[in-house]
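1. Model the structure of this input:
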Amino acid sequence: MAAHCIVLNNSMDAWAAIALKNSMDAWAAIALNESMDAWKSMMELFIRMADCTRVPATGAGVEL
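-> Residues are numbered from 1 along each chain as shown. Below is the predicted model:
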């Protein structure tokens, strides 16, 4: 009976490790996605700011 307990315990540990790793992967993916979205938002903001600094007459960018 003790051997069964060891096998059960090891398989539970294995499942727990797999579940934890999968949830970590999911969190990493979410964090990566959010940071990518944040970068995209910031880049869009910079592009909009750059558009605002253009000289309307020539359309040339103003050096800051």
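
2. in this structure, which spans are helices?
-> For the chain, the helices defined by DSSP state H cover 2-52.

3. Might you list the low-confidence residue ranges for it?
-> Residues of the chain meeting the criterion pLDDT under 70: 1-8, 52-64.

4. Would you mind measuring from Ser11 to Asn33?
-> With distances taken as Cβ to Cβ, to the nearest Å, Ser11 is found 32 Å from Asn33. Glycine gets a C-beta too; all of them are placed from N, C-alpha and C.

5. so what's Asp13 up against?
-> Contacts for Asp13 (Cβ atoms under 8 Å, 6 or more residues apart in numbering) come out as none.

6. Tell me how many other residues surround Met43.
-> Met43 has 10 neighbours, counted by other Cβ atoms under 10 Å.

7. ugh, typo on my part, it should be Ala29
-> The tally of other residues near Ala29 (other Cβ under 10 Å) stands at 10.

8. Please apply the same query to the one 3 residues further on.
-> Here the neighbour count serves as a burial measure; for Leu32 (other Cβ under 10 Å) it reads 10.
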